[in-house]
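can't give you the sequence, but here's the structure:
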């Protein structure tokens, strides 16, 4: 008698197949980009066993080997799997070595540079991006004119820009135009929006640390696997 396969939620199956985090996979399902046995499925929470699953017309399967990479993203590389404008993609820097389907964890905007993770483990991505984890992210921000201390103090207290609340965790002034800033959440374009709100012109946003992981030894465009110790420090030991 054959063992019966345990049902699994569709978004979890997709995450284990390296499509993206579970939350992102839920978006793909809602967009009608997923088929189960040839039928488009948009219902969240759909469970599958041995059905054939396809994403954007391509059959997917859970990854046998989990991959965790740290990349020093150069400026003018996009954190996306495709771009209609034909801009360079950060994922392309990995493809000469890793042919598996990988996705970025969090993001850095097109003009920002520095540390970003790539993986095919959706559970890992979900854990380290969840706000409750409050994983620190450290940046070097360079601006074109000297920063005022009172503005940095306001950034630490919290500032609302176009209805969105931003707040930095800490800062250290390296020079009048270079500041090291630590965030816990990291909303989209948070640092640029903060400095632009006080009419500072941002020259550079460069992420140098996520949690305990730094880019030591990685030149722009270079990458390396995360160690088991680093993976555990980011995602924790349990589910």
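That came in fine, so what should we check first? For clarity, every value in this text was computed on a predicted model and none was experimentally measured.

Residue 151 belongs to a helix?
Yes - assessed by DSSP: H, G, I helix; E, B strand; the rest coil, residue 151 belongs to a helix.

Now it. Nearest residue, chain neighbours left out?
Excluding the flanking residues, the one nearest residue 151 by CB to CB, 6 or more residues apart in numbering is residue 198, at 4.9 Å. In this view, the C-beta of every residue, glycine as well, is placed from N, C-alpha and C.

same deal with residue 83?
Closest to residue 83 by CB to CB, 6+ apart is residue 89, at 6.3 Å.

beta partners of the one you found?
With DSSP bridges as the criterion, residue 89 is bridged to residue 78.

Show the contacting residues for it.
The contact partners of residue 89, by CB atoms under 8 Å, 6 or more residues apart in numbering, come to 77, 78, 79, 80, 81, 82, 83.

Now neighbour count and distance to residue 193 too, for those residues, in TSV please.
Below are the contacts of residue 89 laid out as TSV (neighbours: other CB atoms under 10 Å; distance: CB to CB, whole Å):
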residue	neighbour count	distance to residue 193
77	23	21
78	21	19
79	20	17
80	15	20
81	15	25
82	9	26
83	11	22
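
Quick check: can you list the domain ranges of the protein?
The chain is divided into the following domains under automatic domain parsing: 8-59, 68-131+217-235, 136-210.

mind listing what's buried in the helix or strand bottoming out on mean pLDDT in the chain?
Scoring the helices and strands of the chain by mean pLDDT, DSSP states H and E places helix 122-129 at the bottom, with a mean of 86. For helix 122-129, a neighbour-count test (16 or more other CB atoms under 10 Å) marks 122, 123, 124, 125, 126, 127, 128, 129 as buried.

What segments of this protein are helices?
Assigned by DSSP state H, the helices in the chain fall at 10-16, 22-30, 122-129, 149-157, 190-197, 228-235.

The fifth one - contacts with which helices or strands?
Applying 3 or more CB pairs under 8 Å, 6 or more residues apart in numbering; DSSP states H and E, one finds that helix 190-197 makes contact with strand 137-143, strand 159-161, strand 164-166, strand 178-183, strand 202-210.

and if we set it to 6 Å?
strand 202-210 (3 or more CB pairs under 6 Å, 6 or more residues apart in numbering; DSSP states H and E).

List of residues touching the strand it packs on?
112-115, 137-144, 191-192, 195 (CB atoms under 6 Å, 6 or more residues apart in numbering).

Pick out the residue closest to the middle of this protein.
The C-alpha lying nearest the average C-alpha coordinate of the chain belongs to residue 106 (CA atoms, centre = their mean; 1.5 Å).

quick revisit: and the angle from the least confident helix or strand of the chain to strand 202-210?
Comparing the axes of helix 122-129 and strand 202-210 via axes from the mean of the first three to the mean of the last three CA atoms, to 10 degrees yields an angle of 120 degrees.

what residues does helix 122-129 touch?
So helix 122-129 is in contact with 15, 21, 22, 105, 106, 135, 234, 235, going by CB under 6 Å, 6+ apart.

Let's see if you can find the most crowded of the residues you listed.
residue 15 (27 neighbours; other CB atoms under 10 Å).

And it, how far from residue 151?
40 Å (CB to CB, to the nearest Å).

Can you read off the pLDDT for residue 70?
With respect to pLDDT, residue 70 scores 98.

Same check on residue 211?
We have a pLDDT of 95 for residue 211.
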